[in-house]
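>>> just a sequence and a predicted model for now, questions to come.
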Amino acid sequence: MVLLKKNIAANFVGKFWGALMSVVFVPVYIKFLGIEAYGLVGFYTSLSVLFSLFDMVLSTTINREMAGLSALPNKEQEMLDTVRTFEVLYWFIGIIIGIIVIALSPYIANFWIKTKGLPVNIVQQSVIIMGLIIAIQWPTNLYVGALRGLQMQVPLNIITVSIATLRGIGAVLILRLVSPTIQAFFIWQILISAAGTLLNLKFLWGYLPKTKIKPNFHWGLIIQKWRFATEMTGIYLTGIILMQLDKIIISKTMPLEMLGYYSLAGVVASTLSYISGPIQTALFPRFTQLISSGDEVHLNSLYHKSCQLISVLILPVAFIIILFSSEIITLWTQDRLIANKISLLVSTLIIGTALSGLLNLPGTLQLASGWTKLALYTNVVSVIILGPMVYYMITKYGLIGAAFCWVILNSGYFFIGIPIMHTRLLKREKWRWYFIDIGIPLVSSLFITAIWRVFTPPNLSIHLVLLFLFFALSSTFTAAVLVTPYTRTWITSRVLRQWHNFLNKEKLKISTA
């Protein structure tokens, strides 16, 4: 449990810092590059996510393999062979993806991306550099997955924080001191991606056990995992399609400037994923252990505790952003025009992202149990239904239509997927999840935030807006903590323990006096 808490804390630091570095420099990027060129950054993000299919499948597999092998005796050589086998596969896939992107760059620049003032040759050069970045960065995901499986999440996050800091600050310095161009921005991404890959490579191989026999590549290790990998491939493929379909259609049907605004709104909405991600990463191996040992009592307890913790952390932040989106974006970008354009878009995307965050742990429980079919079938049905809907909503209502589809998707998982899951896993815990883990903190967070929204005066100065937001978030978070059983009990026990320690110290002082 101590290791679990350390890993969660380290993951939070890494995720928080990564989110901070991703968000804080965006206004600077836009200032130097312009919103149209920044749209290429959004396109690169979508491209990376689309190609991350194989990474998600393989990194999940290597994570599970490293966790299992490290817990067994005399598995040192198999561990080394497994890492080498997946390493060769990762580098091969990365190079192939890079070649594909570079080969398609003329088509993407001339026929796919629509620009107004950005020359086509600059777009093509940027896409070529994107292909190189993906190829170089690709193996990093292998090393990260293996280190997570080995429970080395504290040093892993030290590397992550260092690279994120260099990535953000370095990009600003490059744009300011060297060249304020999108090509210079992406070239810096190549250099920092190469540094991150090498750091993780050296750390992983330095931590792995040493044997007399050199690590070898074995096709059999990959073939053994084909069934799990195939089902995970289906889950991630359909999931990526669902997550990126809106951006792909926007990039094809609307000007690049609109993709820039949508990407900017997506940056704000994605901040919630940095809250649930660290907990999910740390809990996945623990869920697997409890399921394997048949310990449903502790599994049930840990599941509800972690779901309540996710609710307490996500919902106050979500409602603050939803109801104060205009003020937050203005503070962030220092541009009221941008805030007016994307505030409603951000609020809508946040609703869907909050639902997605609340669903992360139920999804983790399914994967830990080896039940992949529910997620696969649900995603397939969602693609069939939402595919045409996304296209219609975007062409009919524009960016807000795309955001609304994200809400519809996650609402379906929330109200349909959860009841189906509880017919097989933790069968009698469905209503406790809905009412205790989610419902109570949701209602309290919405109520407190709405009060602050109603009584917030208009036209406040920057300092007063920050003050109001601080008190609104603090009071909303406090309310969510107090009404949620696990967090309330945990806080109470901590306070009582500190009070008990204080009394003992005072008694000791009196007795020694």
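Everything's here; your move.
>>> element containing the closest residue to T281 other than its chain neighbours?
Distances taken as Cβ to Cβ, 6 or more residues apart in numbering place N11 nearest to T281, at 5.3 Å, with adjacent residues excluded. Backbone N, C-alpha and C define where each C-beta goes, glycine included. For N11, the host element (DSSP states H and E) is helix 2-24.
>>> in that helix, what counts as buried?
By neighbour count on 16 or more other Cβ atoms under 10 Å, the buried set for helix 2-24 is 4, 7-8, 10-15, 17-23.
>>> mind checking how far N11 is from L290?
Distance from N11 to L290, counting by Cβ to Cβ, to the nearest Å: 19 Å.
>>> about what we covered before: looking at whichever helix or strand comes after the helix holding N11 now, give me its mean pLDDT.
Once the chain leaves helix 2-24, the next helix or strand it forms, by DSSP H and E, is helix 26-33. Per-region confidence: helix 26-33 scores 84 on mean pLDDT.
>>> run the chain-centre distance for helix 26-33.
Going by Cα atoms, centre = their mean, to the nearest Å, the spacing between the C-alpha centre of helix 26-33 and its chain's C-alpha centre is 23 Å.
>>> and for it, what's in contact with it?
Helix 26-33 is contacted by residues 38, 41, 171-172, 175-176, 180-182, 185, 264, 267, 332-335 when judged by Cβ atoms under 8 Å, 6 or more residues apart in numbering.
>>> stretch 99-119 too?
Residues contacting stretch 99-119 (Cβ under 8 Å, 6+ apart): 36-37, 40, 43, 47, 51, 120-121, 123-124, 127-128, 130-132, 134-135, 251-252, 254-257.
>>> emit the ChimeraX select command for whichever of those are buried.
In ChimeraX, this line selects whichever of the contacts of stretch 99-119 come out buried by 16+ other Cβ under 10 Å:
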select :36,37,40,43,47,51,123,124,127,128,130,131,132,134,135,251,254,255,256,257
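>>> just the ones of the contacts of stretch 99-119 in strands?
Of those, none are assigned to strands by DSSP state E.
>>> got a list of what the most centrally placed residue in the chain touches?
For the chain, the residue nearest the mean C-alpha position is S273 (4.3 Å; Cα atoms, centre = their mean). Going by Cβ under 8 Å, 6+ apart, S273 touches T353, S356, G357.
>>> how does it look with 7 Å?
Applying Cβ atoms under 7 Å, 6 or more residues apart in numbering to S273 gives the contacts T353, G357.
>>> before we move on, what about A194?
By Cβ under 7 Å, 6+ apart, the contact set of A194 is I136.
>>> so how far is the one helix or strand it maps to from its chain's centroid?
For A194, the host element (DSSP H and E) is helix 182-207. Mean-position distance between helix 182-207 and its chain equals 20 Å (Cα atoms, centre = their mean).
>>> can you give me the buried ones in that helix?
Using 16+ other Cβ under 10 Å as the test for burial, helix 182-207 gives 182, 184-190, 192-193, 195-197, 199-200, 203-205.
>>> then stretch 356-365?
Neighbour counts over stretch 356-365 (16+ other Cβ under 10 Å) mark S356, G357, L358, L359, N360, L361, P362, G363, T364, L365 as buried.
>>> which one among the residues you listed gets closest to I448?
L358 (18.3 Å; Cβ to Cβ).
>>> look at K214 and say how many residues are nearby.
When counting by other Cβ atoms under 10 Å, one arrives at 9 neighbours for K214.
>>> start at 45 instead
Understood, numbering begins at 45; the last thing we discussed is K258.
>>> what secondary structure does it sit in?
coil (DSSP: H, G, I helix; E, B strand; the rest coil).
>>> for K254, same thing?
At K254 the chain is in coil, as set by three-state DSSP.
>>> cool, Q195 as well?
Under three-state DSSP, Q195 comes out as coil.
>>> contact partners for the residue nearest to T325?
Per Cβ under 7 Å, 6+ apart, neighbours of N55: Q197, N201, P322, T325, A326.
>>> is it correct that the first one is in contact with A54?
Same thing as Q197. Yes - contact criterion Cβ atoms under 7 Å: Q197 and A54 qualify, at 5.0 Å.
>>> which outside residues touch stretch 368-382?
Residues contacting stretch 368-382 (Cβ under 7 Å, 6+ apart): P71, V312, I365, A383, I386, S387, V390, S391, R497, I506, V509, L513.
>>> point out the least confident member of those residues, please.
I506 (79).
>>> measure it to K158 for me?
From I506 to K158 the distance is 36 Å (Cβ to Cβ).
>>> likewise V145?
To K158, V145 is 19 Å away according to Cβ to Cβ.
>>> for these two, indicate the residue with more neighbours.
For V145 versus K158, the count of surrounding residues by other Cβ under 10 Å is larger for V145: 22 against 17.
>>> the helix or strand harbouring that one versus helix 226-251: what angle between them?
V145 is part of helix 120-151, with elements assigned from DSSP H and E. Put simply, helix 120-151 runs at 170 degrees to helix 226-251, going by axes from the mean of the first three to the mean of the last three Cα atoms, to 10 degrees.
>>> what mean pLDDT does helix 120-151 have?
86.
>>> buried stuff in it?
121, 123-134, 137-138, 141-142, 145-146, 149.
>>> repeat that for stretch 192-208.
Here stretch 192-208 shows 192-198, 200-201, 203-205, 207-208 as buried, counting by 16+ other Cβ under 10 Å.
>>> let's have those in a markdown table, adding pLDDT and distance to L346.
Compiled in a markdown table, the buried residues of stretch 192-208 are given as follows (pLDDT from 0 to 100; distance: Cβ to Cβ, whole Å):
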| residue | pLDDT | distance to L346 |
| --- | --- | --- |
| R192 | 79 | 18 |
| G193 | 71 | 19 |
| L194 | 76 | 21 |
| Q195 | 70 | 17 |
| M196 | 78 | 22 |
| Q197 | 75 | 18 |
| V198 | 79 | 21 |
| L200 | 83 | 23 |
| N201 | 80 | 22 |
| I203 | 87 | 28 |
| T204 | 84 | 25 |
| V205 | 86 | 27 |
| I207 | 89 | 31 |
| A208 | 87 | 30 |
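>>> out of those residues, who's nearest K474?
Closest approach to K474 among these (Cβ to Cβ): R192, at 29.9 Å.
>>> now for the closest residue in space to that closest one that isn't next to it in sequence, how many residues are close by?
Distances taken as Cβ to Cβ, 6+ apart put N107 closest to R192, at 5.3 Å, once the chain neighbours are dropped. Per other Cβ under 10 Å, the neighbour tally for N107 reads 21.
>>> got the contact list for N107?
N107 neighbours (Cβ under 7 Å, 6+ apart): G189, R192, G193.
>>> so it is in which element?
Secondary structure (DSSP H and E) places N107 in helix 97-114.
>>> now do M123 against F130, distance only.
Counting by Cβ to Cβ, the gap from M123 to F130 is 11 Å.
>>> need the buried residues of stretch 400-409 in TSV with distance to W534, can you?
Formatted as TSV, those follow (distance: Cβ to Cβ, whole Å):
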residue	distance to W534
S400	25
G401	20
L402	19
L403	23
N404	20
L405	17
P406	21
G407	24
T408	21
L409	21
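>>> in helices, which of these fall?
Mapping the buried residues of stretch 400-409 onto helices (DSSP state H) picks out S400, G401, L402, N404, L405, P406, G407, T408, L409.
>>> pLDDT check: weakest of the residues you listed?
T408 (85).
>>> does that residue really touch R330, like I thought?
No - applying Cβ under 7 Å, one finds T408 not in contact with R330, separated by 9.9 Å.
>>> which of the three states applies to T467?
Judged by three-state DSSP, the three-state class of T467 is coil.
>>> so what's it up against?
Not one residue lies near T467 by Cβ under 7 Å, 6+ apart.
>>> next one, pLDDT for it please.
The model reports T467 with a pLDDT of 90.
>>> got it, and F459?
Listed pLDDT for F459 reads 92.
>>> could you tell me how many residues sit around it?
Residues near F459, counting by other Cβ under 10 Å: 11.
>>> same check on V216?
With neighbours defined by other Cβ under 10 Å, the count for V216 comes to 17.
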